[in-house]
Every structure is written in C-alpha cells, then in structure tokens.
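**Q** Model the structure of this input:
(one chain, ligands or ions: 2)
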Amino acid sequence: MNDILPGEVETWQFMEETARRVFKAYGFAEIRVPVVEKTELFKRSIGETTDIVEKEMYTFNDRSDNSLTLRPEGTAPVMRAYCEHKLYALDAVSKLYYLGPMFRYERPQKGRYRQFHQIGAEAIGVADPKIDAQILAMLTHFFAEAEIPDISLQINSLGCPACRPAYREQLIAALESQLEHLCADCQRRFRTNPLRVIDCKVPGCQSATQNAPAIIEHLCPECDDHFATVNRLLKEMEIPFTVNPRMVRGLDYYTRTTFEMVTNSLGAQNAVAAGGRYDGLIREIGGPDQPGIGFAMGLERLVLLKGQSSVAPQRPELFVAALGAEAGDWGFLLAAKLQRLGISVELDYAGKSLKSQMRRADKLQARHVLIVGEDEIRSGTAQLKNMDAGTQSPIALDRIETTLPKILSGEFTP
Ligand code: ATP
Ligand code: MG
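**A** Ligands and ions are numbered 1, 2, ... in the order given. Just a heads-up that it's a prediction; the model follows:
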C-alpha cells in the first residue's frame, strides 16, 4: 500500500481529470460507492473459484459478526448500487464511472499492490454491440488523450451460457490430455476454471495449451453475430485492435466481448485496462435481467507508463521575499489578498535572509519574486524579478494589488 506524494500526485490528478473529461463526452456520470461491501456480494459476482475470491480478498467480521470485504474491484459494488437505487427505472441506459482504491491481498511486485486504484466505467441496459464498440472507442480515446505510448487493444469473445458450456467441456478434455505439462495452479483448476488455464502466463502452460480449442470458433450464432458487429464497428471507427482468442478474464461474470489494453513496457503486468460484457451479473446478484459492459484501468500502471513525474508540479506564481518584521507583515497581507484571487503565492515564515529566501523561491520554481524591505516600503517601490526571463523591474507598491495580478497573468509587462 503506497503513499502518493506531491511531485507524483500531479500525474494521478492528470489521469483522473483526463478520464472525467473524456468520459463526459460519452455521457458517463460519476458514482461513488463505499469501499466495504458484504462479502457475499463479491463471492456471488466474481465467482468462488476465481483468484480474487479464493485468495485475494481482505475479509473480516464486524462487531455484529457480519462478514465484510474491502472491495477488490468496482463492478459488483456499482451493480449493487444500481439495483438498490433502481437506477433502471430512471433511464433505459445507465452509464456510470467510478474511481478509487481497491484492495487485493496479492504478492506485491512492480505494478501490483495491495491497495491500488482503478478508474472504471459501466454501461448498463444495452444488449446491442454498439455499446461495446462505444466503450472501446471511449477507452481508446482516453489513452490517446492521456498520451500513453505503446498501448494496444486486444479483444475476444467468451460466449454465453448457450455456447460456453459445450466449449468448456471440449477445453477440459483437451487440457486433461496435457495435464502433466501444466503448472501446479492449472492442474488444480483445470476442471473448475479451465478458461483461466489458456490465459496462464507460465511458459509451460502456454505451450501445452497452444493447440487447445479457441472459444471464438465455438460461439453460438448470436454470439458470433455480436462479435462480428463489434469487429466491424471498430474497423469503421478506425480503432486499431487485434483479436486475441487466448485472452480470458479472471472473473466469472464475463460474457461475450472481453478486452484488454496491453503494453510491452511493464513486464509481466502487461494489462493496463481490462473489461468486458457481463450480461448475467445483475440478475445473479438479485437485480433485474439487465445486460452490462464495463472496464477498469489500473491507475498505478497508467502512472508508471506515463512516467512518475511527467506532469509538472504546480509552480507558485509569486514568491514574496520580505526582509524585516514590517515588510514581513506587509508581504503576508499582500499574499493573503492575492491568494484570495486564486493566485498561488508563497512566502517566508521564519524571517530568513534574502539569500535563503531566494534559494527557496528557486527550489519552488516560483515564476516571480517580489523583494521588499523597510526601504522599499518607505520609498513605495519594490523590485519584481521574473525568474524565467531573468529580468528585474521596479513596481509601485501603492497600486500593487491591481497591477501585480495583471503582470503575473502576462496581461502586461512592467
Ligand atoms: P492481472 O492479470 O494484472 O492480475 P486482473 O485481471 O487481476 O489483472 P482486473 O481485475 O481486470 O485485473 O483489473 C483491471 C486493472 O486493474 C488491471 O489491468 C490492472 O491495471 C489493475 N490492477 C489489478 N490488480 C492490481 C494490483 N494488485 N495492483 C495494481 N493494479 C492492479
Ligand atoms: Mg489479478
């Protein structure tokens, strides 16, 4: 679990602001849900045999002996809220996004933490593949606006309850014939979660499952049509993507379209965003039979890709370097007035020497420094330094509250 400090937080804010701006264009509104839910919600939705439910949840009993869990993902809580507040009665389509911390008890490593953060979006109520294509367009748009390099979109279809069971049986049979080549994890789960085996990153499992049947070749006609339309719409929108028949998501609730945004620059943790359709999920948790599709992006990985401190930290517009008690008070009050106008002003609090105040102004990368001492107050004129240009000019103190904001905003040069 990490602290996010000033200097890195700017990149986080940039991602959050970019997501808010892009998602708005597609009609998504923010929803905020609690970080804890009843354990049952995650067991039912994510699935008992998934990695998350089997070994990654932070589960505890509260004082009334209710089993609660720190949310490991956002979709289930959002669906719970959708049902609880009957959002389906407000509009046939609900487009929601969320951002915030998620918790998984995993082995920490680069790009994988126990508290991590996701930005996710869910579109509920639409079965038509247009929404799949639109979600993918929005995701691609976000990555372009966030200027994240070397990213590619992979899509697949996981079928539906009509076609997946038969495929699953075929897959189990194929895996059984390769059992001795599979890793211990996959040997254990090949019957309970065979799809996860073809997605396993262990090289032995990858080669052993090379010739395993691919789900997109076993789709029912409806799923096949759906996937073909998603493919066609993406092409018509000129969104680059590849079909990856081996891509399986680790959560049970997915149906039909699934997708990942992958990168080559994060090693094993190559998925930056992932999602898919979950047409049976809302009914499964006791709500109406509404289809849905969504995704979640990992903020830590987005920030890693963008570069920890690639977004410049805030620079003060002005540093007031005041010398002596009288000028100190005067400078403090001037700062207060400018700050009230929304101008970022820094000042010295400790009666330091001019040299040390200038050092601090430099370190903070202040754009301007106003130097005032007793003499300046007496004569009514101080020196204003433009730190970027390296110039210095006199400024009259009597009208400084009106002239300074204009100088700082570049409206006029002294
Ligand atoms: P992975 O295969 O990397 O474990 P996942 O399938 O568990 O991913 P999802 O549950 O789909 O991931 O979550 C979506 C995104 O959230 C991931 O693509 C990743 O960017 C991020 N994410 C998931 N788990 C973590 C974690 N423990 N630490 C940081 N980011 C994470
Ligand atoms: Mg995982």
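**Q** going forward, measure contacts and count neighbours with C-alpha atoms only.
**A** Noted.
**Q** Can you list the residue ranges for helices in the stretch 151-300 of the chain?
**A** Assigned by DSSP state H, counting those that start in this stretch, the stretch 151-300 of the chain shows helices spanning 164-176, 184-189, 194-198, 203-208, 221-236, 281-284, 299-306.
**Q** how about the closest residue to residue 218 other than its chain neighbours, what does it touch?
**A** Sequence neighbours aside, residue 167 is the residue nearest to residue 218 in space, at 6.3 Å (criterion: C-alpha to C-alpha, 6 or more residues apart in numbering). Applying C-alpha atoms under 8 Å, 6 or more residues apart in numbering to residue 167 gives the contacts 213, 215, 218.
**Q** per-residue pLDDT, residue 167?
**A** Here, the pLDDT recorded for residue 167 equals 93.
**Q** how close does it get to ligand 1?
**A** 22 Å (C-alpha to the nearest ligand atom, to the nearest Å).
**Q** What of residue 190?
**A** Residue 190 is 18 Å from ligand 1, by C-alpha to the nearest ligand atom.
**Q** shaky segments in the chain?
**A** Scanning the chain for pLDDT under 70 picks out 250, 308-309.
**Q** Can you tell me which residues in it are near ligand 1?
**A** 104, 111-114, 116, 118, 249-250, 269, 271-274, 296-298, 300-301 (C-alpha under 6 Å from any ligand atom).
**Q** who's in contact with the residue of the stretch 251-400 of the chain found nearest ligand 1?
**A** Proximity of the stretch 251-400 of the chain to ligand 1 (C-alpha to the nearest ligand atom) peaks at residue 298, 3.3 Å away. Applying C-alpha under 8 Å, 6+ apart, we find residue 298 in contact with 116-119, 272-273.
**Q** now residue 237
**A** Here residue 237 is in contact with residue 137 (C-alpha under 8 Å, 6+ apart).
**Q** do the same with residue 290
**A** 124-126, 279-280, 282-283.
**Q** 6 Å - rerun?
**A** Contact analysis of residue 290 by C-alpha atoms under 6 Å, 6 or more residues apart in numbering lists residue 125.
**Q** Next: residue 413.
**A** residue 407.
**Q** From ligand 1, how far off is it?
**A** 47 Å.
**Q** Any figure for the gap between that residue and residue 343?
**A** According to C-alpha to C-alpha, to the nearest Å, residue 413 stands 17 Å off from residue 343.
**Q** likewise residue 200?
**A** The value you get for residue 200 to residue 343, if C-alpha to C-alpha is used, is 53 Å.
**Q** cool, residue 245 as well?
**A** 54 Å.
**Q** The residue of the stretch 251-400 of the chain closest to ligand 1 bridge partners, please.
**A** residue 118 (DSSP bridges).
**Q** try residue 242
**A** Beta-bridge partners of residue 242, as defined by DSSP bridges: residue 154.
**Q** Count the residues that sit near it.
**A** The tally of other residues near residue 242 (other C-alpha atoms under 10 Å) stands at 12.
**Q** May I ask you to confirm that it is in contact with residue 154?
**A** Yes. Proximity of residue 242 to residue 154 meets the contact threshold set by C-alpha atoms under 6 Å, at 4.9 Å.
**Q** Next, please give the residue ranges for the strands of the stretch 201-350 of the chain.
**A** According to DSSP state E, counting those that start in this stretch, the stretch 201-350 of the chain carries its strands in the segments 242-243, 255-263, 271-277, 292-298, 318-322, 345-347.
**Q** which of the ones you listed is buried the deepest?
**A** strand 318-322 (a mean of 27; mean count of other C-alpha atoms under 10 Å).
**Q** which helices and strands sit right next to that strand?
**A** strand 345-347, strand 368-372 (3 or more C-alpha pairs under 6 Å, 6 or more residues apart in numbering; DSSP states H and E).
**Q** Which strand or helix spans residue 127?
**A** Under the criterion of DSSP states H and E, residue 127 resides outside all helices and strands.
**Q** which one is it nearest to, not counting chain neighbours?
**A** residue 291 is the one closest to residue 127 (C-alpha to C-alpha, 6+ apart), at 5.7 Å.
**Q** so how far is residue 256 from the one you found?
**A** On the measure of C-alpha to C-alpha, residue 291 and residue 256 end up 11 Å apart.
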